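Colleague: Sharing a model prediction with you, sequence too.
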Amino acid sequence: MTAKATSQSIKSILRRASLSEDDPLNILTFCTHERYEQNLCKTGHNFYSLKEGKLWNTDYSTIPSNYFPISEIPFHINFDLVLCHTSCNRINTSYQLQDLLNIPIIRHTHVLPDIRYEMSSQVQGFNQIEVTHESFISAYNRHAWGKNKHNASVIEHGVDCNFWQPDDTIKRNPVCLSVVNDWPNRDWCCGWNLWNQVVKPSSIPVKVYGNNPGLSEAASSLQELRTGYQTSAVFLNTSLHSPVPTALMEAMACGCAIVSTDNCMIPDVITHNKNGLLSNDPLELKVFCEKLLFDPDEAKRLGDAARKTIEEDFNLSKFINSWNSMFQSVIKNYG
């Protein structure tokens with residue numbers, strides 16, 4: 001260990017001993033999903049994001065004041081932990097940071113094993129990597145990767161219901177909105193072909209937000225995206241292998257009537273005919289869309305129930321408290 005590394009290790013030990021629960025942490029991380037990390041910054045901690053791979057795209061979300069993109073480690077700062085999201089695949093760098101700074105690693109897993117490849121070898125390789133603490137975005141994800149409640153946490157998505165909310169002064173248009181990036185190239189998980197089977201054989205009016213050349217563009221701002229949710233009668237989700245799309249939960253918070261595939265974590269969020277309509281059959285999905293477009297009262301019933309689900313079960317306060325509890329527990333028990 002170099003003299004600099006030894007010095008950093010000692011500083012880390014001393015800092016952990018003096019930290020109180022009210023002190024903001026200094027967390028090293030890597031950019032993964034802008035809107036998710038924007039919510040994560042609301043924990044009040046400082047996030048230093050190493051510029052490896054993906055960079056923050058300000059088209060999706062503004063950079064919070066406590067999120068700092070960095071090119072190298074600022075050694076004058078005492079860091080408390082490394083947060084490695086699996087979707088950015090920076091576990092080797094995380095190990096190096098742990099060795100250098102003597103700080104714990106949290107691996108937070110957003111994704112599922114890739115169905116295009118052999119599943120058991122992916123799960124085996126995943127579990128050969130040891131980190132200080134494992135966390136997942138859902139119990140469904142945790143189970144898919146061979147973990148359980150005894151060796152891994154679950155922190156479900158949180159939605160800012162003060163921002164993502166209905167606007168009853170705006171009339172909803174009879175249109176089915178979908179929000180997906182790079183859709184044709186991600187058919188295997190996002191259901192591009194299924195969406196075409198639902199909307200193309202009929203005259204269902206549709207609107208799409210997302211970077212999809214020749215089809216759609218991303219919303220120019222979160223405000224534009226929110227207006228899209230607020231003015232659309234139906235949100236149509238055709239994902240096939242996505243734990244639970246962020247856009248789906250934002251649409252629910254904005255009071256959209258949800259028509260969705262019935263897979264992965266989605267049935268844990270949506271109960272058929274209570275706060276949305278679920279099916280994996282393209283003809284049924286088409287019928288559901290048409291029904292809600294021509295029955296605004298039923299669409300409002302489902303949309304109001306969807307909003308209530310987010311307010312009660314997936315609110316931002318619950319998300320923030322869960323993350324802060326995990327941060328404190330990991331630091332307290334490290335070393």
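Modeller: In hand now; what should we look at?

Colleague: Every contact and neighbour count from this point should use C-alpha atoms.
Modeller: Noted.

Colleague: N263 and G276: what is the separation?
Modeller: Distance, N263 to G276, by C-alpha to C-alpha, to the nearest Å: 14 Å.

Colleague: In terms of packing, which of these two has more residues around it?
Modeller: Ranked by neighbour count (other C-alpha atoms under 10 Å), N263 and G276 place G276 first, with 26 against 18.

Colleague: could you list every residue that touches the more buried one?
Modeller: Residues counted as contacts of G276 (C-alpha atoms under 8 Å, 6 or more residues apart in numbering) are 257-260, 270, 302-303, 306.

Colleague: Buried residues, stretch 293-300. List them.
Modeller: Across stretch 293-300, burial judged by 16 or more other C-alpha atoms under 10 Å covers 293, 296, 299-300.

Colleague: typo on my end, stretch 278-289
Modeller: Going by neighbour count (16+ other C-alpha under 10 Å), the buried part of stretch 278-289 is 278-279, 282, 285-286, 288-289.

Colleague: quick one: which of the residues you listed sit in helices?
Modeller: 282, 285-286, 288-289 (DSSP state H).

Colleague: just to revisit the earlier point, any idea which of the buried residues of stretch 278-289 is the one closest to K171?
Modeller: Closest approach to K171 among the buried residues of stretch 278-289 (C-alpha to C-alpha): C289, at 17.9 Å.

Colleague: Contacts only, for the closest one.
Modeller: Residues near C289 by C-alpha under 8 Å, 6+ apart: 176, 204, 234, 236, 259.

Colleague: Could you export the residues you listed to a markdown table, including columns for pLDDT?
Modeller: Shown next, in a markdown table, are the contacts of C289 (pLDDT from 0 to 100):
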| residue | pLDDT |
| --- | --- |
| C176 | 98 |
| I204 | 91 |
| V234 | 98 |
| L236 | 98 |
| V259 | 98 |
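
Colleague: which of the residues you listed tops the neighbour count?
Modeller: The residue in the contacts of C289 with the most neighbours, by other C-alpha under 10 Å, is V234 (34 neighbours).

Colleague: So F47, which state does it fall into?
Modeller: Following DSSP: H, G, I helix; E, B strand; the rest coil, the label given to F47 is strand.

Colleague: For it, list the residues it contacts.
Modeller: Contacts of F47 (C-alpha under 8 Å, 6+ apart): 26-29, 41, 66-68.

Colleague: among the residues you listed, which ones are buried?
Modeller: By neighbour count, with 16+ other C-alpha under 10 Å, the contacts of F47 hold 26-29, 41, 67 as buried.

Colleague: tell me the phi and psi of L177?
Modeller: phi -100, psi 140 (degrees, to the nearest 10).

Colleague: That one and Y229 touch, don't they?
Modeller: Yes - using C-alpha atoms under 8 Å, L177 is in contact with Y229, at 7.4 Å.

Colleague: Now do the shared contacts for the two.
Modeller: Joint contacts of L177 and Y229 (C-alpha under 8 Å, 6+ apart) are F235.

Colleague: how about a markdown table for the buried residues of stretch 293-300, with secondary structure added?
Modeller: Formatted as a markdown table, these follow (three-state DSSP):
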| residue | secondary structure |
| --- | --- |
| L293 | helix |
| P296 | helix |
| A299 | helix |
| K300 | helix |
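
Colleague: now, the most widely separated pair of those residues?
Modeller: Spatial extent of the buried residues of stretch 293-300 (C-alpha to C-alpha) is set by the pair L293 and K300 at 10.6 Å.
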